[in-house]
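**Q** Turn this into a structure:
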Amino acid sequence: MTDLIAEDLAARFLRAGGARPLLFRAPGRVNLIGEHTDYNDGFVLPAALGLGTVVAVAPRSDRLLRMESAAFSGVAEFDLDAPAPRPRGDWTDYVRGVAVVLERMGNRLTGANLMIASDLPMGAGLSASASLEVVTGLALAAVSDIAIDATALALLCQRAENEFVGARCGVMDQFVSCNARQGCALLLDCRSLDFRAIPVDPQATLVVCDTMVRHSIAAGEYNLRREQCEAAAATLAGVLDGVTALRDVTREQLDEHASLLPETVFRRARHVVSENARTLAAARALESGDHAECGRLMNASHESLRDDFEVSCAELDLLVDAARRLPGVYGARMMGGGFGGCTINLVEAEVADNFAESVAETFRRATGATPPVFRCSPGPGAGRVLLREDAR
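**A** The predicted structure is shown next:
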């Protein structure tokens, strides 16, 4: 699919009279377990998708960024020499935010024409925004002759989303888009950024189910959850040595000092502390081939997200409940920021097709809508796309 998207973008670029473009791709991601732990300096277990965002880019002689998306009509322009821009609340914020941060870091960008296309659904919790940020960073760095490694790019893109877009996300989405390994999930320590590739047995398939309920995590509840976690960590730091984030708190310590926290804040902290432990245990289970244990931990993650962190919704719970009733399902849970988006399911490969049909039918009978359901295999991280003529 990537090559088809890239070939179409290159052809459109040439039809518009542009020079032959460079092509780059960055994947979206699924996260097996470890939700809302990244911005608490914790642990996550994501993998890259085969779906992603492709950008065709060519330099300009001026300092103008001209942006066009296959998903939206019209063309947007951004003058790099103009006063600092303000967010517009649309997809261009992710492109402009990356450009702004690159320049704030002391780089002088070349103007560029960019054409963008993606097969990732926006707002589904598959990190379409991070994919767009990462591929933009690769494209602008390439045409401006800026050297940047994968981890530095991930941190730059996270900064763009935090400071320009206004979503106080952690680094997981950008990091896995940059650093993913084929056939593996990444056990990532979001504090040190150390990671270990965890092979995913192809006999245990990952299946994504999309509720089609869309959310905007740049405002409101997502940022509120982060503030509540920070408040819990600050309170506990007053009575526990070495605490700078909830990552540093054990379940026993949290329970011992529960009276210091408002009840809602305690439950937010309980999710994060227990989710970190589940994520480490799930990575061990996946490495040892214990899919049943990994699935049990995924189930517990959903219940914690639903009850303690309160970021699920009726449609997510419906898909999770429907999945768990089916044979061959190890585990199912909501994925992403919450309040909509997708579920991630660990399923025996031989029953994955039947699973997809059954869970979609259950959802359709309950809601009248048929959800997109697709199998996914962990793919590689971001990089340049070479078409056949490029390889000659």
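**Q** surely Pro372 meets Pro121?
**A** Yes. Counting by C-beta atoms under 8 Å, Pro372 touches Pro121, with 7.4 Å between them. To be clear about C-beta, it is placed using only N, CA and C from the backbone, and glycine gets the same treatment.
**Q** For these two, indicate the residue with more neighbours.
**A** Between Pro372 and Pro121, Pro121 has the larger neighbour count (other C-beta atoms under 10 Å), namely 18 against 14.
**Q** related to what we said a few turns ago, now do the shared contacts for Pro372 and Pro121.
**A** Common neighbours of Pro372 and Pro121 (criterion: C-beta atoms under 8 Å, 6 or more residues apart in numbering): Asp210.
**Q** can you give me the offset of the helix or strand harbouring Leu132 from its chain's centre?
**A** Using DSSP states H and E, Leu132 sits in helix 128-143. Relative to the centre of its chain, helix 128-143 is centred 14 Å away, using C-alpha atoms, centre = their mean, to the nearest Å.
**Q** elements contacting it?
**A** When contacts are defined as 3 or more C-beta pairs under 8 Å, 6 or more residues apart in numbering; DSSP states H and E, helix 128-143 packs onto strand 22-31, strand 46-59, helix 92-104, strand 112-118, helix 150-160, helix 172-179, strand 383-384.
**Q** out of the ones you listed, nearest to Val351?
**A** Taking C-beta to C-beta, strand 22-31 is the member of those nearest to Val351, at 19.0 Å.
**Q** continuing past the closest one, what's the next helix or strand?
**A** strand 43-44.
**Q** in its sheet, what does that next one sit against?
**A** Strand 43-44 sits in its sheet next to strand 184-189 (antiparallel), going by DSSP bridges.
**Q** CA atoms of the strand it pairs with as PDB?
**A** C-alpha atoms of strand 184-189 as PDB (Å, rounded to 0.1, in the frame of the first residue of the first chain):
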ATOM      1  CA  CYS A 184       8.500  -6.700  17.000                       C
ATOM      2  CA  ALA A 185       6.900  -4.600  19.600                       C
ATOM      3  CA  LEU A 186       9.100  -2.200  21.500                       C
ATOM      4  CA  LEU A 187       9.300  -2.300  25.300                       C
ATOM      5  CA  LEU A 188      10.100   1.400  25.800                       C
ATOM      6  CA  ASP A 189      11.200   3.100  29.000                       C
END
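**Q** Can you list the helices and strands that the longest helix seen in the chain packs against?
**A** Longest helix of the chain, by residue count under DSSP state H: helix 263-288. Helices and strands touching helix 263-288, as assessed by 3+ C-beta pairs under 8 Å, 6+ apart, comprise strand 43-44, strand 184-189, strand 195-199, helix 221-237, helix 251-256, helix 291-307.
**Q** what angle separates it from strand 22-31?
**A** When axes from the mean of the first three to the mean of the last three C-alpha atoms, to 10 degrees is applied, the directions of helix 263-288 and strand 22-31 differ by 110 degrees.
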